[in-house]
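In: what's the 3D shape of this:
(one chain, ligands or ions: 1)
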Amino acid sequence: MILQCAHPGQFHCNEYDELRSRWLKQTMESFIPHPLFNLITVSNLDGRQVGELKPEFYDKILVDAPCSNDRSWLFSSDIQQATLRLLQRNELSVLQFQLLRSAIKALRPGGSLVYSTCTLSKEENSSVINLILNSCTNVIPVNISEIAKAVSQEFTFHSGTQQHELLVLPEKGRAWGPMYVAKLKKM
Ligand SMILES: C[S@@+](CC[C@H](N)C(=O)[O-])C[C@H]1O[C@@H](n2cnc3c(N)ncnc32)[C@H](O)[C@@H]1O
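Out: Next comes the predicted model:
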């Protein structure tokens, strides 16, 4: 989860897993010039608590959600791993919904939220976003279809998505996809 706040300028990255959180901090330190580093905080909270801890605090939030990560097994023949991933889908969509609810709570009115996954699963992508749009009256979809036009040479997009979402399809031999992105705004 990346949370950004304009006033006071602050960039907050959250990763629940302690080891991954440490890696994240090291990566940030190696890429970001030292004088800017004091604007950045890295935490390892359960993202579902962020809304309660920092209500209406951030201007922009990216929820790069835990998901069934299709790429790891899509091009492999590991049937066991694929079966396990499929079984996890129900549980993951509940967690994804809870992370999004928390992120919406942490957003200032007028703030924007991007949700991303690396799965093709409709249950973890559009269905989670539709559930949010149907249950949070203070959230509206943002049209991002122009982005797809601008990068149509580089990526292959699924044609069946709505204007507030994009789904990059994976291609053998290429390093990207699947990647799902949806953008919402808090009123
Ligand atoms: C798709 S990965 C994000 C990877 C990250 N953008 C990066 O480049 O390292 C999803 C991450 O969510 C973390 N996660 C799982 N459950 C979480 C929770 N309840 N709160 C916060 N993060 C969680 C996982 O440990 C995993 O690293």
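
In: quick one, phi/psi of the spatially most central residue of the chain?
Out: Central residue of the chain (CA atoms, centre = their mean): D64, 2.5 Å from the mean position. When read as degrees, to the nearest 10, the backbone of D64 gives phi -90, psi 90.

In: I'd say N90 and E123 touch.
Out: Yes: N90 lies in contact with E123 (CB atoms under 8 Å); the separation is 7.4 Å. In short, each C-beta sits where N, CA and C put it, glycine included.

In: circling back: for the residue nearest to the centre of the chain, which non-adjacent residue is spatially closest?
Out: Once flanking residues are discounted, D64 sits nearest to S116: 5.1 Å by CB to CB, 6 or more residues apart in numbering.

In: following element in sequence after whichever strand or helix holds Q4, please.
Out: Using DSSP states H and E, Q4 maps to strand 2-5. Going down the chain from strand 2-5, the next helix or strand is strand 10-14, by DSSP H and E.

In: picking that back up, quick check: the residue nearest to the centre of the chain touching M1?
Out: Yes: if you go by CB under 8 Å, D64 and M1 touch, sitting 7.0 Å apart.

In: ok, back up a step: which parts of the strand holding Q4 are buried?
Out: By neighbour count on 16 or more other CB atoms under 10 Å, the buried set for strand 2-5 is 2-5.

In: now do stretch 158-168
Out: 158, 161, 164-168.

In: just after the helix or strand of the chain with the lowest mean pLDDT, pick out the following helix or strand.
Out: When each helix and strand of the chain is scored by mean pLDDT, DSSP states H and E, helix 71-74 comes last, with a mean of 69. Heading C-terminal from helix 71-74, the first helix or strand you meet, by DSSP H and E, is helix 79-106.
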